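Asker: Coordinates only, no sequence provided:
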C-alpha cells in the first residue's frame, strides 16, 4: 500500500468517524432538548394544578436550547436539515477523496474539514458555556477528528504531487 493510499484511507476513516460522532452528538443534544421540554411542561402543569407559582425562577434547562443561539449567517447550524446536509456532504467528500484522489480534490477536502473544525470549535464553546460537559466532550472529539482529516488530506495533496526521482 502506497503512502498516498494510506493517507487517503486515514482521511476517509477520520472523516467518517467524525461524521458518526457528530450525528451521535446531535442525537444526544436532541434527546436532552426533548427531556428539558418535557420537564418544563410537567413543571408548568404541576404549578398550574396547585395554583402556586414560583416567583423569580426560570424553568429548568428550558433556556439552554434556544433556536436563535445556533445561527450563523442566518442558518440554523443545529437544525436537522443542516446536520443532514453536513452528513451528506461529508460522505460525498470522503467518496471523492477515495475515488478521485487528485490534488484539487484533496485540497478541497482539507478546506471542507477546516471549515467543519471551525464549526466544531464554536460548538465546543457553546456547550461549555451551557454547562453541557458531555456534549462539549463529543464536540471536542469531532473537532479533533475533523482537524486530523484536514491534515491527512493536506499531506496527501503534497505527497500526491511529489514524484519519486528515478533511481
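Answerer: Noted; the coordinates are in hand. The shown structure was predicted, so the numbers you read here are calculated from the model rather than taken from an experiment. Numbering: from 1, shown residues only.
Asker: Residues touching the helix or strand bottoming out on mean pLDDT in the chain, excluding its own?
Answerer: Here the helix or strand of the chain ranked lowest by mean pLDDT, DSSP states H and E is strand 71-72, holding a mean of 78. Under the contact criterion C-beta atoms under 8 Å, 6 or more residues apart in numbering, strand 71-72 has outside partners 77, 119, 122. Bear in mind the C-beta positions are built from the backbone N, C-alpha and C, glycine included.
Asker: And the helices in the chain?
Answerer: According to DSSP state H, the chain carries its helices in the segments 3-50, 80-99, 103-129, 133-161.
Asker: Buried deepest among the ones you listed, which one?
Answerer: The densest packing among the helices of the chain, expressed as mean neighbour count by mean count of other C-beta atoms under 10 Å, is seen in helix 133-161 with a mean of 20.
Asker: Mean confidence (pLDDT) on it, please.
Answerer: For helix 133-161, the mean pLDDT works out to 94.
Asker: re the thing from before, turn the contacts of strand 71-72 into CSV, including distance to residue 105 and pLDDT.
Answerer: Rendered in CSV, the data for the contacts of strand 71-72 read as follows (distance: C-beta to C-beta, whole Å; pLDDT from 0 to 100):
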residue, distance to residue 105, pLDDT
77, 25, 81
119, 21, 93
122, 26, 92
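Asker: which one of the residues you listed is nearest residue 14?
Answerer: Checking those against residue 14 with C-beta to C-beta, the nearest one is residue 119 at 16.1 Å.
Asker: Let me see the contact set for that closest one.
Answerer: Residue 119 sits next to 72, 77 when contact means C-beta under 8 Å, 6+ apart.
Asker: same check, this time on residue 150
Answerer: Residues in contact with residue 150 (C-beta under 8 Å, 6+ apart) are 109-111, 113-114, 117.
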